[in-house]
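> Return a 3D structure for these sequence lines:
(one chain, ligands or ions: 1)
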Amino acid sequence: MICLNCKQTFEGDYCPHCGQQAQTKRLHFIEMINNFVGSFVGGDNKFLCTCRDLILRPGHMVRQYLLGQRIGYYNPLQLFVFALTAYAILSYVLGVSNSIFDEMTVLDFETETEPSKYASLDYILHNITKLSSNKLYGAIVLALFASVAYRQVFRKCKLTRCDGRQLALNLTEQFYAQMYHSCIGLFLSVVMLPLCLIPGLDDVLTIVYQIIDVAYIIVLYRQLLGIKWWKSIVLNLIGLFLAMLLFLVVLMLITVPAGVVEGIQSRG
Ligand SMILES: [Zn+2]
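As a prediction, the model looks like this:
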């Protein structure tokens, strides 16, 4: 067999040099449909498997991925882009406002007329809410802060690889776990999006979303690290609190000097 991609001779179903399938068919209509569907569903149901396992047994799936079973699952960043696209398209089709582009500016400098308010807790909380409700960079920024906090909080919980090595999750592995969690949040948003059409349900939906979201991260870390329920609940709450605190500090480092500069300019 000669690989049509890298021209090496080989035996078997896949080229050992570049990984291309041995049977590379010519492009026909059916093949086009196959390729298109396959890019989502995958010949080995990669996409469906990732979604199913992430929703039904999130922590087990993330553990398998982090411990090296990479072929069967999409990485969280690919999945995130896919879920974000689905969310954007669905919200556009339904005519529901979405918080990908609506909340494009990170900080609301223009909403405050009184410069001293830039240092106030109200203003900072307003910006936290605004940022955390953004589906695109809000999720990524929060996942970043959460990874730093979780790295510390969960440093004593270790994973055992099949070769017996014990690993505490590093920053990037924590970030991957957090991004998988963000994907679950996005899937949840997609499912809940049609409900946004019902008037007066916004507050209830927000609360339901928050509860499911927090429940998922508790389940995820319990399964991922094989720890007890109470431990997962306590450590997750500490982790989330620390992440928020870290976020608050960084945000103040940005907004307070900016507010001071703005104040000086408006006086001048
Ligand atoms: Zn090849």
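> Under the pLDDT cut-off, which ranges of the chain? List them.
Counting by pLDDT under 70, the ranges of the chain that qualify are 39-44, 98-119, 259, 262, 267-268.
> all helices in it, in order from the N-terminus.
Remark: helices assigned in the chain by DSSP state H are 29-41, 46-56, 58-66, 76-94, 121-132, 137-153, 171-192, 202-225, 229-267.
> As CSV, the ones you listed with mean neighbour count and distance to the ion would be great.
Where C-beta positions appear, they are placed from N, C-alpha and C, glycine not excepted. As requested, the helices of the chain are arranged in CSV below (neighbours: other CB atoms under 10 Å; distance: least, CB to the ion, whole Å):
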stretch, mean neighbour count, distance to the ion
helix 29-41, 11, 18
helix 46-56, 17, 20
helix 58-66, 21, 26
helix 76-94, 17, 23
helix 121-132, 16, 45
helix 137-153, 20, 35
helix 171-192, 21, 29
helix 202-225, 16, 35
helix 229-267, 15, 44
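> mind checking which of these is nearest C162?
Distances from C162 to each of those were compared using CB to CB; the shortest belongs to helix 58-66, at 10.5 Å.
> Can I get that closest one in CSV, CA atoms only?
Output of helix 58-66 as CSV, limited to C-alpha atoms (Å, rounded to 0.1, in the frame of the first residue of the first chain):
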residue,chain,number,x,y,z
PRO,A,58,-17.6,14.6,33.0
GLY,A,59,-14.8,13.8,35.5
HIS,A,60,-14.1,10.3,34.2
MET,A,61,-13.9,11.7,30.7
VAL,A,62,-11.6,14.6,31.6
ARG,A,63,-9.4,12.2,33.6
GLN,A,64,-9.1,9.8,30.6
TYR,A,65,-8.2,12.7,28.4
LEU,A,66,-5.6,14.2,30.9
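> can you list contacts of it?
Counting by CB atoms under 8 Å, 6 or more residues apart in numbering, the neighbours of helix 58-66 from elsewhere in the structure are 50, 53-54, 72-73, 75, 159, 169, 173, 176-177, 180-181, 184, 216, 219-225.
> before we move on, back to that, which stretch among the helices of the chain comes nearest D163?
Each of the helices of the chain was checked against D163 via CB to CB, and the shortest separation belongs to helix 58-66, namely 14.3 Å.
> now that closest one, how far from the centre of its chain.
Centroid displacement of helix 58-66 relative to its chain, using CA atoms, centre = their mean, to the nearest Å, is 14 Å.
> before we move on, what about stretch 23-38?
31 Å.
> which residues are contacting that stretch?
L4, N5, D13.
> can you tell me the residue of the stretch 151-268 of the chain closest to the ion?
Taking CB to the ion as the measure, the stretch 151-268 of the chain has C162 as its residue closest to the ion, at 28.2 Å.
> burial count for that residue?
8 (other CB atoms under 10 Å).
> re earlier: adding distance to C18, write the helices of the chain out as a markdown table.
Output for the helices of the chain, formatted as a markdown table (distance: least, CB to CB, whole Å):
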| stretch | distance to C18 |
| --- | --- |
| helix 29-41 | 18 |
| helix 46-56 | 18 |
| helix 58-66 | 23 |
| helix 76-94 | 20 |
| helix 121-132 | 42 |
| helix 137-153 | 32 |
| helix 171-192 | 26 |
| helix 202-225 | 33 |
| helix 229-267 | 41 |
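> Can you add distance to the ion and neighbour count and give the contacts of stretch 23-38 back as JSON lines?
Supplementary listing: the contacts of stretch 23-38 in JSON lines, determined by distance: CB to the ion, whole Å; neighbours: other CB atoms under 10 Å:
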{"residue": "L4", "distance to the ion": "8", "neighbour count": "13"}
{"residue": "N5", "distance to the ion": "4", "neighbour count": "13"}
{"residue": "D13", "distance to the ion": "12", "neighbour count": "9"}
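> about what we covered before: what about the spatially closest residue to the residue of the stretch 151-268 of the chain closest to the ion that is not a sequence neighbour, distance to P76?
Nearest residue to C162, sequence neighbours excluded (CB to CB, 6 or more residues apart in numbering): L67, at 7.1 Å. Taking CB to CB, to the nearest Å as the measure, L67 and P76 are separated by 15 Å.
> what's the answer for L167, then?
18 Å.
> Pretty sure Q166 sits against K156.
No. Because the distance of 10.9 Å does not satisfy CB atoms under 8 Å, Q166 is recorded as not touching K156.
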